[in-house]
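Q: Output the structure for:
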Amino acid sequence: MLSTASSLRVFVAAGVTDLRMSFDGLGYLTRSVLGRELTAGEIYLFCNRRRNRVKALWWDAGGVWCAAKRLESGTFAWPRSGAVARSLEIRADEMVALLGGLDLAGSSRRDWYERRSRAPRRSA
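A: Down below sits the predicted model:
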């Protein structure tokens with residue numbers, strides 16, 4: 001079971017990725033395609049052409065993690081790469097749904113209260 005903090009930022013590389021790459025290749029794609037810095041502590045998701053494999057890349061305090069999931073049958077409902085967006089940001093609960101087989105394309109997000117993080121207080 002995958003559990004994540006609700007404040008975790010997740011970025012999806014839309015379209016297809018050559019998943020023969022591992023840490024260094026996917027780290028390069030994180031910077032060049034997603035425009036993100038690997039050491040930011042976010043999760044970056046990549047999917048293959050047949051949409052039956054996903055790799056996730058993220059940084060913790062000690063280094064880079066690379067995890068993979070291969071479906072025995074079926075495919076992921078992966079977002080296609082468009083002319084404008086080559087990546088998109090999703091919430092942690094949406095990542096769990098996407099990796100669990102749900103299609104997020106037909107869904108819409110309702111107006112919902114989300115608490116914004118507060119700036120840390122400065123002591124006088």
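Q: Return the distance of stretch 11-27 from the chain's centre.
A: 11 Å (Cα atoms, centre = their mean, to the nearest Å).
Q: If residue 87 is in a bridge, with which residues?
A: Taking DSSP bridges as the rule, residue 87 bridges to residue 13.
Q: Can you read off the pLDDT for residue 119?
A: pLDDT recorded at residue 119 is 51.
Q: before we move on, what about residue 108?
A: Listed pLDDT for residue 108 reads 65.
Q: repeat for residue 115
A: For residue 115, pLDDT reads 62.
Q: which strands and helices sit next to the longest helix belonging to the chain?
A: The longest helix of the chain (DSSP state H) is helix 23-32. The elements that helix 23-32 packs onto, with contact taken as 3 or more Cβ pairs under 8 Å, 6 or more residues apart in numbering; DSSP states H and E, are strand 43-47, strand 53-60, strand 63-70. (Each C-beta comes from the backbone N, C-alpha and C, glycine too.)
Q: how many other residues sit next to residue 74?
A: By other Cβ atoms under 10 Å, the residues close to residue 74 number 9.
Q: residues touching it, list them.
A: Residue 74 sits next to 52, 101 when contact means Cβ atoms under 8 Å, 6 or more residues apart in numbering.
Q: Equivalent analysis for the one 5 residues further on, please.
A: Applying Cβ under 8 Å, 6+ apart, one finds that residue 79 lies in contact with 12, 14, 15, 88, 104, 105.
Q: sec struct for it, please.
A: coil (DSSP: H, G, I helix; E, B strand; the rest coil).
Q: ok, so what distance separates it from residue 63?
A: 28 Å (Cβ to Cβ, to the nearest Å).
Q: Who's the closest spatial neighbour of residue 52, skipping the chain neighbours?
A: Leaving out its chain neighbours, the residue that sits closest to residue 52 by Cβ to Cβ, 6 or more residues apart in numbering is residue 71, at 4.6 Å.
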